[in-house]
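[1] any chance you can model this:
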Amino acid sequence: MNPRALAYRVILALLLVIAALSAACIVLWKRQAADGADASGSAPLRALDDPEVRRAAIAELVARGGGGWDTFADPAVGRLLQPSAEGKIGVIPVVSNQYGLRERPFVLPKPAGTKRIVLLGDSFVFGEGVPAGDRLGVFLERFLLERWPAPRPEIEVLHVGLDTWNALAEATFVRRQLALLAPDAVVQVLVRNDLEDNVGARGFGAMADVNPLHPERGDGIFQVRFPQRAFDLLQPNWIQHGLDWESRERFREAGDALVALAAAVEQQGGRYLLFCNYSGLLPAARKFLGSRLRPEQWFELPTEFTRDARWRLGPDDAHWNRAGHERIAQVLYALLLERGLLPAAKLQPWPEASALAKEYGDAGRAEGDAEFRADRVPGKRRIDPFLDFRALDHESGAQVHGGVVAGGEAGPYVSLLLACGGKQRVVAEGLGLKRPELGPLAVRCFVEEAEVGTVTIAPGAPWSVAFALPGAVAGRPFVTVRFESRDWVYSGPDLRRHACFVLQRVALE
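    Numbering: from 1, shown residues only. Prediction:
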């Protein structure tokens with residue numbers, strides 16, 4: 001097909017995709033038919049049947065849409081790449097396969113006689129900031145091919161990972177196609193943002209500002225950087241630390257997903273390894289996740305690896321560079337061999353890789369052995385028993401897990417971290433929005449897992465409330481205070497914000 005013809009057909013395909021629901025599409029389609037190009041009026045539709053045209057059309061949509069993402073129907077997974085497309089994520093060219101993954105095409109169900117290793121994760125497995133050929137799976141596959149004596153089987157090491165996927169999305173995506181994927185081993189890379197919300201896709205490829213798994217929370221995305229974005233403050237929040245209900249519940253949800261995946265992989269004859277890169281917080285990861293797996297299913301990478309400039313993209317980017325990916329691939333080779341993670345494999349010993357795995361394993365284990373403390377704040381930071389949204393500073397703003405924006409405007413799900421340690425009641429005050437369509441709004445208040453009361457907020461009116469804390473909750477060092485609403489109005493300059501009321505102050509007394 002010559003370039004001019006291809007361009008013409010791409011334009012027709014784009015018209016169909018972009019304007020299918022608009023009157024303009026109908027007008028253009030009829031005009032094209034009237035000009036005699038195709039009396040049936042079906043040229044754009046038939047153009048999409050041509051794989052070359054379809055790829056070009058998707059590439060153009062991705063280029064114009066601000067990202068290469070595609071909505072995935074499973075709300076726990078949320079988002080894949082556009083299938084069989086070329087584009088960029090950041091500054092790195094990305095080519096996707098037929099399944100919407102940054103990986104070469106592979107066959108489902110797995111062909112007989114193939115040894116398949118799945119590397120599962122988020123941006124670290126995706127290969128943030130590096131070309132596809134510089135990722136750990138490419139190195140690991142090469143190491144296996146070089147050290148598997150003949151006759152060796154077909155070997156595939158597949159990257160199944162996307163930017164900002166959380167642990168639940170990762171495990172769900174593999175578990176729900178496990179019989180087709182049929183991995184001999186699954187190595188899941190856990191990092192510190194794996195407790196955050198997993199966002200979906202919007203428009204033609206941009207990331208969304210909603211979590212498909214929790215649409216009732218509106219546009220409240222709960223991530224570590226929330227205070228920095230919402231209030232223009234410096235400190236991240238505490239959602240990764242396991243100090244309160246919000247964080248522990250996310251650990252529990254992630255842990256349930258990991259345990260279910262590990263059991264499913266083993267049930268079909270494979271092996272599972274959680275490669276823990278929970279940098280700086282290994283005791284928390286050990287307590288809430290590692291304790292739920294067997295020792296051979298758990299490996300802790302020490303924080304010193306993340307801090308070493310030789311292995312990271314830059315001073316402000318802890319993603320692995322090419323050398324980092326190769327280094328981790330050596331460690332994984334040793335773990336596959338020494339922990340029997342590839343049953344019946346006849347891999348040759350590799351003393352250098354084994355020495356690396358022992359060095360990092362010993363250091364990570366020693367770091368994870370440290371006592372997890374949920375009764376004190378790490379370092380010199382502070383957590384107060386109150387929050388005043390009229391006077392936030394860098395530390396108090398970090399007590400907001402999410403759901404509130406500058407000025408205290410609150411959405412349908414608000415989660416806050418407060419110091420407790422013997423306090424007897426929670427008090428809160430604020431204003432009703434001057435939005436009569438809300439009517440009297442019932443807002444439920446929770447402290448940790450306990451529902452402590454409901455406040456009814458009238459449009460435009462001030463409100464205040466005080467609820468007693470249950471005894472078991474009152475004795476905890478830190479607690480989550482949550483507010484939940486079942487109705488909201490649209491707010492903000494683009495009407496995309498979900499707003500319920502104004503929260504001025506919350507305190508434990």
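[2] can you list the domain ranges for the chain.
    Using automatic domain parsing, the domain parsing of the chain gives 3-65, 92-196+245-368, 386-508.
[3] endpoint to endpoint, the second one covers what distance?
    For domain 92-196+245-368, the separation between the terminal residues is 34 Å (CA to CA, to the nearest Å).
[4] same question for it, mean pLDDT?
    Domain 92-196+245-368 shows a mean pLDDT of 97 in the predicted model.
[5] just checking, residue 442 touches residue 500?
    No. At 10.3 Å, residue 442 and residue 500 do not qualify as touching, with contact defined as CB atoms under 8 Å. Where C-beta positions appear, they are placed from N, C-alpha and C, glycine not excepted.
[6] of these two, who's got more company?
    Comparing residue 442 with residue 500 by neighbour count (other CB atoms under 10 Å), the higher total belongs to residue 500, at 28 against 13.
[7] tell me, what's touching residue 442 and residue 500 both at once?
    In the contact map built from CB atoms under 8 Å, 6 or more residues apart in numbering, the residues linked to both residue 442 and residue 500 are residue 485.
[8] give me the phi and psi for the spatially most central residue of the chain.
    For the chain, the residue nearest the mean C-alpha position is residue 165 (2.6 Å; CA atoms, centre = their mean). Dihedral pair for residue 165: phi -60, psi 140, per degrees, to the nearest 10.
[9] can you pull the contacts of it?
    Contacts of residue 165 (CB under 8 Å, 6+ apart): 77, 121-122, 173, 198.
[10] picking up where we left off before, tabulate the domains of the chain (JSON lines), appending distance to residue 216.
    Formatted as JSON lines, the domains of the chain follow (distance: least, CB to CB, whole Å):
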{"stretch": "domain 3-65", "distance to residue 216": "27"}
{"stretch": "domain 92-196+245-368", "distance to residue 216": "16"}
{"stretch": "domain 386-508", "distance to residue 216": "6"}
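[11] tell me which of those domains sits nearest to residue 230.
    Residue 230 lies closest, by CB to CB, to one member of those: domain 386-508, at 5.1 Å.
[12] what does the longest helix seen in the chain contact?
    Longest helix in the chain, counting residues (DSSP state H): helix 245-267. Contacts to helix 245-267, defined as CB under 8 Å, 6+ apart, come from residues 166-168, 171-172, 174-175, 178, 183, 186, 188, 194-195, 222, 238-242, 271-272, 274, 284, 288-289, 292-293, 297, 401, 415, 417, 448-449, 479-480, 482.
[13] next structured bit after that helix?
    For helix 245-267, the following helix or strand on the C-terminal side (DSSP states H and E) is strand 271-277.
[14] strand partners (parallel or antiparallel) of that following strand?
    strand 185-191 (parallel), strand 298-300 (parallel) (DSSP bridges).
[15] contact partners of the helix or strand just after that strand?
    Downstream of strand 271-277, the next assigned helix or strand under DSSP H and E is helix 282-288. Residues outside helix 282-288 that contact it (CB under 8 Å, 6+ apart) are 190, 240-242, 248, 251-252, 255, 276, 278, 300, 302-303, 364, 367-372.
[16] one more: stretch 309-324?
    123-124, 128-130, 134, 136, 279, 305-306, 327-328.
[17] before we move on, back to that, so which of the strands paired with strand 271-277 is nearest residue 111?
    Of all those, strand 185-191 comes closest under CB to CB, at 16.8 Å.
[18] run through who's touching the closest one.
    Strand 185-191 has contacts (CB under 8 Å, 6+ apart) with 117-122, 124-125, 161, 167, 170-171, 174, 258, 261-262, 265, 270-279, 285, 289, 332, 336, 341-342.
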